[in-house]
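Asks: Predicted model follows, preceded by the sequence.
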Amino acid sequence: MAAQLIDGNALAKQIRAEVQGRTQALKARGVQPALAIILVGDDPASQVYTKHKVNDSTETGLAATLERYPATMTEADLLARIRQLNDDPAVHGILVQLPLPRHMDSHKVIETISPAKDVDGFHVASAGALMVGQPGYWPCTPYGCLKMLDSIGYDLKGKHAVVIGRSNIVGKPMALMLLGRDATVSICHSRTSDLKALTLQADVVVAAVGRRNVLTADMVKPGAVVIDVGMNRNDEGKLCGDVDFEGVRQVAGWITPVPGGVGPMTRAMLLVNTLTAAERSAG
Ligand code: GUN
């Protein structure tokens with residue numbers, strides 16, 4: 001029997017409705033949740049992404065501003081602008097779109113954002129908070145994946161979860177979130193010697209590598225849950241994930257599609273983080 005789909009579009013819609021309700025409650029208390037987005041340079045993909053972030057925000061009642069600066073902006077000027085936003089009580093979330101121009105040190109830029117406003121969850125303080133189980137902001141993509149598992153009522157306790165990919169913004173935080181739910185977690189990566197041996201044991205696989213066909217049907221235990229974080233193009237230029245969807249869906253119990261899976265959830269979780277920042281600041 002083919003796997004059931006976990007519909008990211010439908011779940012994201014539900015989450016946006018929840019955000020909208022909580023935003024209205026906050027507004028009734030005189031607080032307008034606000035997100036400041038900074039885009040430096042004219043990377044075409046970044047322009048699209050930031051436009052989506054603004055539209056998603058305004059549609060759910062959050063105020064969002066997009067500040068655009070030329071690629072020639074100095075790092076010092078960017079850091080000064082971030083510090084101003086840190087000090088502005090009307091701004092609850094700050095997001096600096098990546099990648100930044102090469103003359104800027106992304107790490108330094110991210111570390112300048114106040115952890116209280118780090119709605120991307122990229123600051124080392126956010127990573128540390130996740131690691132030790134303290135309140136903070138979780139990176140939107142793995143947070144969205146966790147919500148997808150929750151949406152099917154999946155109990156991770158004692159399950160074997162295999163995360164393929166070890167990036168700071170997806171693989172590593174994903175592994176920590178799964179561990180926080182009492183899963184037994186393996187993190188696999190390009191140097192893993194026998195990936196298939198591990199994925200065949202997995203009750204849950206999260207594929208977050210950025211390469212097509214990283215996970216094929218012969219690598220999946222029947223009934224496993226497969227979450228596909230990848231965003232790639234196939235030979236026909238069509239959007240596809242890291243998972244061989246058509247093959248794996250014949251074996252898995254649940255699977256997320258690409259598009260319409262993790263992508264919309266990442267966008268929705270940014271709204272959740274921004275709203276949470278506003279709620280925390282309101283006390
Ligand atoms: N560039 C691509 N994805 C992201 C994201 O989630 N946050 C930021 N800040 N930049 C990105």
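Replies: Sure thing, it's come through.
Asks: residues in the stretch 101-250 of the chain within reach of the ligand, list them.
Replies: Within reach of the ligand by CB under 6 Å from any ligand atom, the stretch 101-250 of the chain has these residues: 120, 140. C-betas here are computed from N, CA, C, even on glycine.
Asks: Residue 53 versus the residue of the chain found nearest the ligand, what's the distance?
Replies: Closest contact between the chain and the ligand, by CB to the nearest ligand atom, is at residue 98 (3.7 Å). Taking CB to CB, to the nearest Å as the measure, residue 98 falls 13 Å from residue 53.
Asks: Next: residue 125.
Replies: Taking CB to CB as the measure, residue 125 and residue 53 are separated by 22 Å.
Asks: re earlier: what about residue 98 and residue 53, which has more around it?
Replies: Each of residue 98 and residue 53 has its neighbours counted (other CB atoms under 10 Å); residue 53 has more, 22 against 16.
Asks: what's near enough to touch the more buried one?
Replies: Residues counted as contacts of residue 53 (CB atoms under 8 Å, 6 or more residues apart in numbering) are 35, 37, 64, 66, 95, 267, 270.
Asks: Same check on residue 215?
Replies: Applying CB under 8 Å, 6+ apart, we find residue 215 in contact with 164, 199, 205, 207, 226, 228, 242, 243, 244, 248.
Asks: how about a cut-off of 10 Å?
Replies: With contact taken as CB atoms under 10 Å, 6 or more residues apart in numbering, residue 215 is in contact with 162, 164, 195-196, 199, 202, 205-207, 209, 224, 226, 228, 230, 241-245, 247-248, 252.
Asks: mind listing the helices for the stretch 51-200 of the chain?
Replies: 75-87, 106-112, 124-132, 140-151, 171-180, 195-199 (DSSP state H, counting those that start in this stretch).
Asks: So which of the ones you listed is the most surrounded?
Replies: Highest mean neighbour count of the helices of the stretch 51-200 of the chain: helix 140-151, a mean of 23 (counted as mean count of other CB atoms under 10 Å).
Asks: got the CA positions of it in PDB?
Replies: Provided in PDB are the C-alpha atoms of helix 140-151 (Å, rounded to 0.1, in the frame of the first residue of the first chain):
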ATOM      1  CA  CYS A 140      12.100  27.000  11.300                       C
ATOM      2  CA  THR A 141      12.800  24.100   9.000                       C
ATOM      3  CA  PRO A 142      13.400  21.400  11.600                       C
ATOM      4  CA  TYR A 143      10.700  22.900  13.800                       C
ATOM      5  CA  GLY A 144       8.300  22.500  10.900                       C
ATOM      6  CA  CYS A 145       9.400  18.900  10.400                       C
ATOM      7  CA  LEU A 146       8.700  18.100  14.000                       C
ATOM      8  CA  LYS A 147       5.200  19.700  13.600                       C
ATOM      9  CA  MET A 148       4.600  17.400  10.700                       C
ATOM     10  CA  LEU A 149       5.400  14.400  12.800                       C
ATOM     11  CA  ASP A 150       3.100  15.700  15.500                       C
ATOM     12  CA  SER A 151       0.400  16.200  13.000                       C
END
